[in-house]
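S.K.: requesting a structural model of the entry that follows:
(2 chains)
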There are 2 protein chains.
Amino acid sequence: MADPKTIPVAELLAQVTKIFERCGLRPESAAAVAGVIVAGERDHCKSHGIYRIEGCLRVLAAGKVVPDAVPVIHDAGKAVIEVDAGGGFSNPAFCAARAALAARAKEVGLAALVIRDCLHFSALWHDVEALAEDGLASLSMCPSYSFVAPAGGTKPLLGTNPIAFGWPRPGPHPYVFDFATSVAARGEIELHRRAGTPIPEGWAIDRDGNPTTDPEAALGGAMLTFGAHKGSAISTMVELLAGAMLGEFMSKEALDFMGGTDLLPRHGALILALDPASFAARSGRDPIAEGERLLTAIGAQGARLPSQRRFAARAVSLRDGIPLSAAELAQLARFETLGLAALTA
Amino acid sequence: MADPKTIPVAELLAQVTKIFERCGLRPESAAAVAGVIVAGERDHCKSHGIYRIEGCLRVLAAGKVVPDAVPVIHDAGKAVIEVDAGGGFSNPAFCAARAALAARAKEVGLAALVIRDCLHFSALWHDVEALAEDGLASLSMCPSYSFVAPAGGTKPLLGTNPIAFGWPRPGPHPYVFDFATSVAARGEIELHRRAGTPIPEGWAIDRDGNPTTDPEAALGGAMLTFGAHKGSAISTMVELLAGAMLGEFMSKEALDFMGGTDLLPRHGALILALDPASFAARSGRDPIAEGERLLTAIGAQGARLPSQRRFAARAVSLRDGIPLSAAELAQLARFETLGLAALTA
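M.R.: A predicted model of the protein is given here:
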């Protein structure tokens, strides 16, 4: 096995792109999927980094994602643009429609992008950051798998339903938040289970609906939302707007469709893009400069903005490269050489 | 002093409308302001009921709201419609623009309403319920006064920044949530102060930024957001979208402008309206029926949907009338007879 090594971001991107091409993705699709995975690794979000490659390969091997799907844009010239991912990953669909969404938002003030029938595994911040680069505020959300009970409920019904928001800033980094509406990630409970440590109170209930700190009981029961009934209401909104409203799967249907949680969920996604320049025009004020007054005042209190840690990690990665363990390097090499066969080799 | 009495909703509405006409509001404006106040009383939201009349009269007496303001709609035919409230209350401006907003959302899929330069005192659920009646999903938000510290911060900077969401349902009541992004309302801390009881942990910090359960110290310090850093991020989003983006006041500027918290805040408001029928059209599924599957499943767990208590109270009020105390009836009569002079009489 090779030694641990620090490799440049561009080099890792090229290698991960090759892996997905090797597994049958079109070059544009491979680049889109690899782009978001390497961005996660670059920003030290290990849970959305190269760790995700194996999960993507598993849905490919299971035939539950269409590798050579070609995103098809449907645009009737209104404020809603749709892109059919065709059962492929969500990222190529977003990349295919991003320019049209941004142009429409600037033209009419705000616009929505509906992504239909996609496999979704990536953090949402990648998309809202891209739109912030285009000068747009944006809000992105999607359902997931039903692991979470509504406030006052006893059974899993809602997804971890992430929600992300981006706002353009003059410097290199936008204001970005991206979080699950569950109080914790399911992976965190799994880590407690493996370590044999209890989970904090308020994270989960057991299968009878009683509060539990036992990770095993939590995984067999349901997770809870952040912020009690308020977080539950927001999570329900995500199901309605990014599931029911689009005529795409909500979290429970996504789980029923896949027949288990081993594979990535298949559903739709909703992204709203708003053009601050259009909204502010009649006021005569500069919306971005106004936003800075707030954001710098938050920083002046010593409070950290969301994503700040991620941006700091990014700067280090871009300067020094990304450190990978011997095991990670070996797995990347295996995926690159064997493609999907690596899963069974 | 008269005896306590239960009066029909329509009768109370007529009386409150007369009070505002007596204070110089145009009939349409008086009806709009009275409508939202009586709706609060009807739904047993006493904090947004007739209790609010005195606060409205005080801003009128202080000359900080324009009583005979005529809302002016600016509509360039795009996805954003603006209405200048002209320094009047927000409610007449919303009423004036509601039909145009709903029509535009149905025409192009989604549309935004910007309310400029308004005095805002009412619950947001009133507006999202109206749009749900029109068959639309909607999201409404506005800044307030800067009473709330950002997560990790020490000083008030954010408002209590309410956010409301509405989703149409086949029955008489939509799915509606409406809550402050602060963990509690400022009025609740005030009630603890008067009662001499400590506030729960996690509600507030003192003026040095330390956690406190002393209501006095909390009122001199800062309130906290719900859901820790997640709620803080959402509150910041409200400042950016409904303040900076519109070129209208954020919560800190609103406070600086009014020079104190005795009077209602003056700022803008943002309402997004989305047409489920447009969004779902290509899917062939009925978005409202899909939403019902989720909402009935929540109810089947024994969990209460947001606003359910309010709808139950409404049914009682519409059937039996609204019980008012002798003091409340006397104050209404005084306001009706004396108008603004009642404040100093």
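S.K.: residue boundaries of the strands in chain A?
M.R.: A:5-7, A:72-75, A:80-84, A:110-119, A:137-141, A:163-167, A:175-179, A:204-205, A:211-212, A:222-223, A:266-274, A:322-324 (DSSP state E).
S.K.: export the ones you listed to JSON lines and tack on mean pLDDT?
M.R.: Conversion of the strands of chain A to JSON lines gives the following (pLDDT from 0 to 100):
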{"stretch": "strand A:5-7", "mean pLDDT": "96"}
{"stretch": "strand A:72-75", "mean pLDDT": "98"}
{"stretch": "strand A:80-84", "mean pLDDT": "98"}
{"stretch": "strand A:110-119", "mean pLDDT": "96"}
{"stretch": "strand A:137-141", "mean pLDDT": "98"}
{"stretch": "strand A:163-167", "mean pLDDT": "98"}
{"stretch": "strand A:175-179", "mean pLDDT": "97"}
{"stretch": "strand A:204-205", "mean pLDDT": "97"}
{"stretch": "strand A:211-212", "mean pLDDT": "97"}
{"stretch": "strand A:222-223", "mean pLDDT": "97"}
{"stretch": "strand A:266-274", "mean pLDDT": "96"}
{"stretch": "strand A:322-324", "mean pLDDT": "96"}
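S.K.: figure out which of these is closest to A:Pro156.
M.R.: strand A:222-223 (4.1 Å; Cβ to Cβ). Backbone N, C-alpha and C define where each C-beta goes, glycine included.
S.K.: neighbours around A:Gly41, how many?
M.R.: Careful, residue A:41 is Glu and not Gly. A:Glu41: 25 surrounding residues under other Cβ atoms under 10 Å in any protein chain shown.
S.K.: would you mind measuring from it to A:His120?
M.R.: Going from A:Glu41 to A:His120 by Cβ to Cβ, to the nearest Å gives 18 Å.
S.K.: over to A:Ile163?
M.R.: Taking Cβ to Cβ as the measure, A:Ile163 falls 13 Å from A:His120.
S.K.: over to A:Ala244?
M.R.: A:Ala244 sits 17 Å away from A:His120, going by Cβ to Cβ.
S.K.: residues making contact with stretch A:75-84?
M.R.: Residues outside stretch A:75-84 that contact it (Cβ atoms under 8 Å, 6 or more residues apart in numbering or on different chains): A:71-74, A:93-94, A:96-97, A:100-101, A:104, A:108, A:110-117, B:79, B:107-111, B:278-279, B:282.
S.K.: for the closest residue to A:Ala61 other than its chain neighbours, give me its contacts.
M.R.: Leaving aside its chain neighbours, A:Ala61 sits nearest to A:Leu340 (4.8 Å; criterion: Cβ to Cβ, 6 or more residues apart in numbering or on different chains). Residues near A:Leu340 by Cβ under 8 Å, 6+ apart: A:Cys23, A:Leu57, A:Leu60, A:Ala61.
S.K.: now the residues you listed as TSV including pLDDT, distance to A:Phe311 and neighbour count?
M.R.: Output for those, formatted as TSV (pLDDT from 0 to 100; distance: Cβ to Cβ, whole Å; neighbours: other Cβ atoms under 10 Å in any protein chain shown):
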residue	pLDDT	distance to A:Phe311	neighbour count
A:Cys23	96	31	22
A:Leu57	96	29	21
A:Leu60	95	32	21
A:Ala61	95	35	17
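S.K.: how about those, which pair is most distant?
M.R.: Greatest spatial distance among the contacts of A:Leu340 (Cβ to Cβ): A:Cys23 and A:Ala61, at 8.5 Å.
S.K.: and the residue of the stretch 101-250 of chain A found nearest chain B, its phi and psi?
M.R.: Nearest to chain B, among the residues of the stretch 101-250 of chain A, is A:Gly247, at 2.5 Å (Cβ to the nearest Cβ). With angles defined as degrees, to the nearest 10, A:Gly247 sits at phi 70, psi 20.
S.K.: hang on, the earlier thing: more neighbours: A:Ala244 and A:His120, which one.
M.R.: Shown here are A:Ala244 and A:His120; by other Cβ under 10 Å, A:Ala244 has more neighbours (29 against 22).
S.K.: isn't that one up against B:Leu295?
M.R.: No. With contact defined as Cβ atoms under 8 Å, A:Ala244 does not reach B:Leu295; the gap is 9.2 Å.
S.K.: quick one: low-confidence parts of chain A?
M.R.: Residues of chain A that meet the criterion pLDDT under 70 lie in A:1-2.
S.K.: farthest from the middle of it: give me that residue.
M.R.: In chain A, A:Gly284 marks the outermost C-alpha relative to the chain mean, sitting 35.6 Å out by Cα atoms, centre = their mean.
S.K.: quick check: closest non-adjacent residue to that residue.
M.R.: In space, A:Gly284 is closest to B:Gly247, 6.8 Å off (Cβ to Cβ, 6+ apart).
S.K.: can you count the residues close to A:Glu82?
M.R.: By other Cβ under 10 Å, the residues close to A:Glu82 number 23.
S.K.: coming back round to it: give the contact list for the residue nearest to A:Gly284.
M.R.: Applying Cβ under 8 Å, 6+ apart, the residues contacting B:Gly247 are A:Phe279, A:Ala280, A:Ala281, A:Arg282, A:Ser283, A:Gly284, A:Arg285, A:Asp286, A:Pro287, A:Glu290.
S.K.: determine which two of those are furthest apart.
M.R.: Top of the distance list for the contacts of B:Gly247 (Cβ to Cβ): A:Arg282 and A:Glu290, 14.3 Å.
S.K.: who has more neighbours, those two?
M.R.: Shown here are A:Arg282 and A:Glu290; by other Cβ under 10 Å, A:Glu290 has more neighbours (24 against 15).
S.K.: does that one touch B:Gly243 like I think?
M.R.: Yes. Using Cβ under 8 Å, A:Glu290 is in contact with B:Gly243, at 7.1 Å.
S.K.: tell me, what's touching the two both at once?
M.R.: Counting by Cβ under 8 Å, 6+ apart, the residues touching both A:Glu290 and B:Gly243 are B:Met250.
S.K.: my guess is A:Gly109 meets A:Asp275, correct?
M.R.: Yes. Using Cβ under 8 Å, A:Gly109 makes contact with A:Asp275 at a distance of 5.7 Å.
S.K.: contact partners for the closest residue to A:Pro172 other than its chain neighbours?
M.R.: Excluding the flanking residues, the one nearest A:Pro172 by Cβ to Cβ, 6+ apart is A:Phe311, at 7.8 Å. Residues in contact with A:Phe311 (Cβ under 8 Å, 6+ apart) are A:Asp43, A:Pro172, A:His173.
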